[in-house]
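[1] Provided below are the primary sequence and the corresponding predicted coordinates.
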Amino acid sequence: MKITRYGHATLLVEQDDTRILIDPGSFTRPEAFELTGLAAVFTTHEHPDHFQPERLSGVVEANPEALLYGAPSVVPAAADAGLEIAELREGAPVTIGPFGVEPVGTLHQLVHPRMPRIENVGLVISAGGGPRLFHPGDSYESVPADIDILAVPLSSPWGRLGETVDFVTAVAPSTIFPIHDALLSPAGRGLFWSWVPLLVGDHVTAIDPEPLESFEFSG
């Protein structure tokens, strides 16, 4: 499994010749919207930093065979932009080439009691007996089993550092790397990411690849 970060919450995940893109949105690097050969695009929820219909339309034009999947509330928003997205629901896995994609969870993390919670569906991605990657979208509530690689939302209006550490501890992956970091200054990001591995413990490998840098995992 090869993973490439494209800024904020956006990942390209590849196995053999199959490529899937996750959460291209407003803070995503422009290179993600120039990708071709995509088999599928997944959207965990409807917030603009994860989902921009107008930019996704360009991805669809460049990848006419790509299948689109999203949390239930994404479906009508996409339809308004002329995009057909299949609904993701917990307990209804999706197969894309060698990948099995398991939707996990139902709700976005609580931001504030005055703000209604929207739907959020995390993604557990694996291929055969290879490693299991978890992209949680914007939620720390779901803790799937047997996760090898965890994409850790590092900073958000809905989380704090202690909750991040507790989430990583609960999931108990072998390897972690940061996502959802566009709201941080370089200094703040460095501080946050230094604390997470320290507090989680050295039994978890923490990596921090640069944007557009690919890294690979095997079973």
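    Arrived safely, thanks for sending.
[2] which residues does the closest residue to residue 136 other than its chain neighbours bridge with?
    Nearest in space to residue 136, with sequence neighbours left out and distances taken as C-beta to C-beta, 6 or more residues apart in numbering, is residue 122 at 4.1 Å. All C-beta atoms are positioned from the backbone trio N, CA, C, and that covers glycine. Residue 122 has the following beta-bridge partners by DSSP bridges: residue 104.
[3] Isn't residue 122 up against residue 44?
    Yes - in terms of C-beta atoms under 8 Å, residue 122 counts as a neighbour of residue 44; the distance is 6.4 Å.
[4] so what sits against both of the two?
    Common contacts of residue 122 and residue 44, defined by C-beta atoms under 8 Å, 6 or more residues apart in numbering, comprise 135-137.
[5] if I pick the residue nearest to residue 136, what's in contact with it?
    Shown here is residue 122, whose contacts under the criterion C-beta under 8 Å, 6+ apart are 44, 103-105, 134-137, 139, 142, 144.
[6] 6 Å - rerun?
    Shown here is residue 122, whose contacts under the criterion C-beta atoms under 6 Å, 6 or more residues apart in numbering are 104-105, 136-137, 142.
[7] for those residues, which one is nearest residue 2?
    Of all those, the one sitting nearest residue 2 is residue 136; the distance, using C-beta to C-beta, is 20.2 Å.
[8] now residue 178: how far from residue 5?
    As defined by C-beta to C-beta, to the nearest Å, residue 178 lies at a distance of 9 Å from residue 5.
[9] who's more crowded, those two?
    The neighbour count for residue 178 versus residue 5, taken as other C-beta atoms under 10 Å, is higher for residue 5 (24 against 21).
[10] can you pull up the bridge partners for that one?
    The residues listed as beta-bridge partners of residue 5 by DSSP bridges are residue 11.
[11] now swap in residue 96 and tell me
    Beta-bridge pairing for residue 96 (DSSP bridges): residue 99.
[12] what residue ranges in the protein score low on pLDDT?
    219 (pLDDT under 70).
[13] Would you map the strands across it?
    Listed in chain order, the strands of the chain (DSSP state E) span 2-5, 11-15, 18-22, 40-43, 67-70, 86-87, 94-96, 99-104, 122-127, 133-135, 149-153, 175-179, 205-206, 214-216.
[14] Please name the residues that touch the residue of the chain most remote from its centre.
    In the chain, the residue that sits farthest from the middle, by C-alpha atoms, centre = their mean, is residue 114; the gap is 25.9 Å. Applying C-beta under 6 Å, 6+ apart to residue 114 gives no contacts.
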